[in-house]
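In: got a predicted structure plus its sequence, pasted below:
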Amino acid sequence: MAETADYEKSNFILAIINKDLEEGLNDGRIHTRFPPEPSGYLHIGHAKAILLNYSIARDYQGKFNLRFDDTNPIKEDQEFVDSILQDIKWLGADWEDRLFFTSDYFDTKYEFALRLIKAGRAYVCDLSPEEIRDYRGTLTEPGKDSPYRNRSVEENLDLFARMKNGEFPDGSRVLRAKIDMASGNLNMRDPVIYRILHASHHRTGDKWCIYPMYDFDHPFSDAIEGITHSLCSIEFSDNRLLYDWIVDNALELYPEAVKGRPRQYEFARLNITNTVMSKRKLRRLVEEGFVQGWDDPRMPTIAALRRRGVTSEAVADFCDRIGVARSASMVDMALLEHCIREDLNAKAHRVMGVLEPLKVIITNWPEGQVEWLEIENLPGDEDAGTHKAPFAQEIYIEQEDFMEDPPKKFHRLSPGKEVRLKGAYIIKCEEVIKDSTGKVVELRCTYDPETKSGEDNSGKKVKGVIHWVSVQHGLPATVRLYDNLFLNENPDDADEGQDFTDNINPESLLVLKDCIVEPALADCDPESRFQFMRKGYFFLDPKDSSKNNLVFNRIVGLRDSWAKKNK
RNA sequence: UGGGGUGUGGCCAAGCGGUAAGGCACGGGACUCUGACUCCCGGAUUCGCAGGUUCGAAUCCUGCCACCCCAGCCA
């Protein structure tokens, strides 16, 4: 679990909230929201936004809404609503009874549009999409007024009603806010606020053939719900001027519909090294088969993290530690891994699993004898109890724990040397058996009966302790080792003519099919995480694992200073 | 002379005029029946750069520089 920070959590948004509270804004109410569009899967960058909004509401005794921004039926689907709901629940952000859809307010929004028209602040424009773009001007040149800008209120009302009634084809007309075609802020150059879309909506069906645009819809929805602090990412900074324009107009023209004045604040979106976060890129990875799906454990999606075995507590701790600021940043993947290890170290029971087995025969062990040894579930935590592991004449150890010709400071097994088997005895390597190609296939060792774990009176001191599993009792398992999906810290750093997909790590997934795990894992809770001692943290794959076909995902490896030193 | 932002150690990030928090990463050491965990110790004379104001500046002012975002009838 996350430790409580020994310093005051501080960021610019909390500072704003504290100041607002001091000044008595919004009658002291704090109300946030998370507004996903149901058009894709959530990733860890969304988790940052969700947890930020949720924790602010929680910490200030405020409220947190979940509102789907479903204004574009062409891209949206119930399937995504379902997955998003599941992800947010998993993260622990509780919207209580405030699950909304922006489409719930389509009628109110239509009325608001009518009022804008009547106030002479919106007009129906017949320009084609290309013409609208041309009239908009460029970054450095002002735009020019649409020839339809000064239609009469009556004509606008009539045309807008006919748009709504489905009399015009898609793209033929739009409703625009009348603001300023010369504004330096492109969003203010008479933005489109309604477009014609003869598309069936996942919630409203065929009721509408005009749909509001985000810039019109979002601020108004915030105002309707009584949101006080509308947090979004930096790229919406330029939209804030329009956001305020809409809210001002709502307050003036439709006060009975709104519950206050929401303010928009922007913070930097999350980037993490060696992965990608944009919906477009994630979609390509899935559609072009670079990964096996949205929940492939190598993906940064919430679904993938969950499937991999990462806990929501670790994700929350991570989001807490990265902070909230406005500068573009790229957080080191090592921090996420650290948060995962810290969480799992405290709760994952220790078991033994041999990933790449090498058979060892204890020559002086009584044939057929089996001794059930006690293994602590969580060293240092007696309440976690123990479990039993069978020790017998034939065991497996890790191939890499034996070296015929070891380097200095190799604390494991080698010819004539001793090592302790975790929780069992000290053994000595007497003989190395090889196949015709010279590959080591078996070790003959002797054990010292005086060295039983916990009852060792031999006075022997060995540096190395290795894990093992009884051949006779071990359970076969498949283990999937995951590594960064991308070789580069920034996957977009690609050579001329290449793109991020050329930086994919060919070894991001390593499947080991001949692993052996201790029998205690036979009936384990599929929801629990384990530490395979000296190997890392593992989780039963929820999709592919079954009683007779154990499949473990490595959530994250252990820190390994030996491997690092020998790089 | 378009608009909006951002620049604090390798990566995040506090700081808001009183003399550089914290975390990750990294290096060194201790401990260890997980080369894990844990525990110590180490690091910015300096806050994009240059001037200025001040007894005193990362914090205020001026001017530069670098980088990010915006020209969907996407969100």
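Out: Noted; the coordinates are in hand.

In: residue A:118 and residue A:22: what is the separation?
Out: Distance, residue A:118 to residue A:22, by CB to CB, to the nearest Å: 39 Å. All C-beta spots, glycine's among them, are computed from the backbone N, C-alpha and C.

In: what of residue A:510?
Out: Residue A:510 is 55 Å from residue A:22, by CB to CB.

In: looking at these two, which one has more neighbours?
Out: Each of residue A:510 and residue A:22 has its neighbours counted (other CB atoms under 10 Å); residue A:510 has more, 12 against 9.

In: mind checking what helix or strand follows the strand or helix carrying the more buried one in sequence?
Out: Assigned by DSSP states H and E, residue A:510 belongs to strand A:509-517. Downstream of strand A:509-517, the first helix or strand assigned by DSSP H and E is strand A:529-532.

In: the following helix or strand past that next one vs strand A:509-517, what angle?
Out: As assigned by DSSP H and E, the chain's next helix or strand after strand A:529-532 is strand A:536-540. Between strand A:536-540 and strand A:509-517, the angle comes out at 90 degrees (axes from the mean of the first three to the mean of the last three CA atoms, to 10 degrees).

In: pretty sure residue A:81 sits in a strand.
Out: No. Counting by DSSP: H, G, I helix; E, B strand; the rest coil, residue A:81 is not found in a strand; it is helix.

In: how many neighbouring residues does the residue of the stretch 401-550 of chain A found nearest RNA strand B have?
Out: Nearest residue of the stretch 401-550 of chain A to RNA strand B: residue A:453, at 2.7 Å (CB to the nearest atom of the strand). Residues lying near residue A:453 (other CB under 10 Å) number 17.

In: correct me if wrong: it contacts residue A:391.
Out: No. The pair residue A:453 / residue A:391 is not scored as a contact, 9.8 Å apart, by CB atoms under 8 Å.

In: what is in contact with these two at once?
Out: By CB atoms under 8 Å, 6 or more residues apart in numbering, residue A:453 and residue A:391 have these common neighbours: A:373, A:424, A:425.

In: so which of those residues belong to helices?
Out: With DSSP state H as the criterion, helices contain none of the shared contacts of residue A:453 and residue A:391.

In: could you dump these to a markdown table with pLDDT?
Out: As requested, the shared contacts of residue A:453 and residue A:391 are arranged in a markdown table below (pLDDT from 0 to 100):
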| residue | pLDDT |
| --- | --- |
| A:373 | 98 |
| A:424 | 98 |
| A:425 | 98 |
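
In: if you skip the residues just before and after it, what's nearest to residue A:127?
Out: Nearest residue to residue A:127, sequence neighbours excluded (CB to CB, 6 or more residues apart in numbering): residue A:146, at 5.6 Å.

In: how much space separates the one you found from RNA strand B?
Out: Separation of residue A:146 from RNA strand B (CB to the nearest atom of the strand, to the nearest Å): 11 Å.

In: that residue: what's it in contact with?
Out: Residue A:146 touches A:123, A:125, A:127, A:132, A:135, A:176, A:181, A:190, counting by CB under 8 Å, 6+ apart.

In: per-residue confidence for the fourth one?
Out: On pLDDT, residue A:132 comes in at 98.

In: and for the second one?
Out: According to the prediction, residue A:125 has pLDDT 98.

In: which ones are touching it?
Out: Residue A:125 neighbours (CB under 8 Å, 6+ apart): A:132, A:146, A:148, A:149, A:173, A:174, A:175, A:176, A:190, A:192.

In: which of those residues fall within strands?
Out: A:174, A:175, A:176, A:192 (DSSP state E).

In: correct me, but the first one touches residue A:196?
Out: Going back to what we said before, that points to residue A:174. Yes. Contact criterion CB under 8 Å: residue A:174 and residue A:196 qualify, at 7.4 Å.

In: between these two, which has more neighbouring residues?
Out: Between residue A:174 and residue A:196, residue A:174 has the larger neighbour count (other CB under 10 Å), namely 25 against 21.

In: quick revisit: show me which of the contacts of residue A:125 are buried.
Out: Neighbour counting with 16 or more other CB atoms under 10 Å marks A:132, A:146, A:148, A:173, A:174, A:175, A:176, A:190, A:192 as buried within those.

In: so which of these comes closest to residue A:254?
Out: Distance to residue A:254, by CB to CB, is smallest for residue A:175 among those, at 15.7 Å.

In: and the gap between the closest one and residue A:16?
Out: Counting by CB to CB - residue A:175 and residue A:16 are separated by 33 Å.
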